[in-house]
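J.: Build me a structure from this.
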Amino acid sequence: MRYFVITGHKAVSTGDFKLDDIAGGAGRLDILVRCVNSAFFLSHNLRKDVEIYLVMEGGDDAPKTVIFKGADLRYLNPDERSTASLIRNALIKPVSEGEEVRSSPGVYVTRMSFYDVLSKLSQVGSFVYLKEDGVDCREYDFPENPVFVLGDNHDLTDEEEQALLSYSPDKICIGPHSLHADHCMIIVHNEADRRVKEAE
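T.: From the prediction side, this is the model:
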C-alpha cells in the first residue's frame, strides 16, 4: 500500500465553495484535486493500492480530512471539476469527532487534523518526507508501505514539520528543481513502480 498526506493550509473545510472557483474561493483546492488525480490515475485504470489524505486547514470548520481509498474508489474522473465535487460532497456530510463518514464509494471525511493523520498512519507505514535536502529518490530503497508527506503550494509549517520529524521519517528529493506537489507524486509513483518491477 502507498499512502499520501497532503496539507491544504488554506483549503476550505466547508462545502460552500463554487466548483468554478476552486483555485480562489476554495483556498487552492485545485492543488489537492490535482494530487488526487496524480495519486490514482493510470492509463485506462485506477491504482487500487493507494490512499490519499487531504488535510483541510482553512475555513470555519477546520481541520477536516478527506480520504480517498483506491480499493473501493468509484466515480473518479480525470477532470478537476468532478474531483472537486467529490471533495465538496464529503465536506458537507455531518461528521462528529472520531467518526469516518463515507460520502461516496472510496471517499470519506473525518475531523482528523494533520497531527491525527500522522498518528494514525504511523501504525500502518513508514513516513517518507519529500524535501529538497533529502536523498535522491533514484538511490532510495522504498519501504513496503510508504507514507509520503507533502505540503501544498507552501511548505509544512515549523510545527507540522517538527511533528513529522518526531516520527524519524526518511527524507527524499525527486530532482534538482522544486516541482508542484502533484508532479512530485507522479515521479515517486514511477520510481516505486520501477522497484516493484525489478523485484519481480
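J.: can you give me the helices for the chain?
T.: Taking DSSP state H, the helices of the chain run over residues 29-40, 80-91, 114-121, 158-165, 181-199.
J.: and those helices, which is most packed in?
T.: helix 29-40 (a mean of 23; mean count of other CB atoms under 10 Å). Any C-beta I mention is one placed from the backbone N, CA and C, and that applies to glycine too.
J.: circling back: mind checking which of the helices of the chain is nearest V5?
T.: helix 114-121 (5.6 Å; CB to CB).
J.: Contacts only, for L130.
T.: By CB atoms under 8 Å, 6 or more residues apart in numbering, the contact list for L130 reads F148, V149, L150, K171, I172, C173, I174, C184, V188.
J.: And stretch 99-110, what's buried?
T.: S103, S104, G106, V107, Y108, V109, T110 (16 or more other CB atoms under 10 Å).
J.: Which pLDDT value belongs to H154?
T.: Looking at H154, its pLDDT is 89.
J.: before we move on, what about the one 4 residues further on?
T.: Here the pLDDT value assigned to D158 is 96.
J.: measure it to L165 for me?
T.: 10 Å (CB to CB, to the nearest Å).
J.: Contacts only, for L86.
T.: Taking CB under 8 Å, 6+ apart, one finds F68, Y75, L76, S103, S104, V107 in contact with L86.
J.: which of those residues sit farthest apart?
T.: L76 and S103 (12.7 Å).
J.: what's the nearest residue to S126 if we skip its chain neighbours?
T.: Of all residues not flanking S126 in the chain, P143 sits nearest, at 4.0 Å (CB to CB, 6 or more residues apart in numbering).
J.: Might you report the residue contacts of the one you found?
T.: G125, S126, V128, D170.
J.: how far away is the third one from V135?
T.: When CB to CB is applied, the distance between V128 and V135 equals 10 Å.
J.: Settle it for me: which of these two has more neighbours?
T.: Per other CB atoms under 10 Å, whichever of V128 and V135 has more neighbours is V128, with 26 against 14.
J.: Specify the beta-bridge partners of the more buried one.
T.: F148, D170 (DSSP bridges).
J.: now swap in G58 and tell me
T.: V12.
J.: quick one, what contacts it?
T.: G58 touches G8, H9, K10, A11, V12, S13, G27, counting by CB under 8 Å, 6+ apart.
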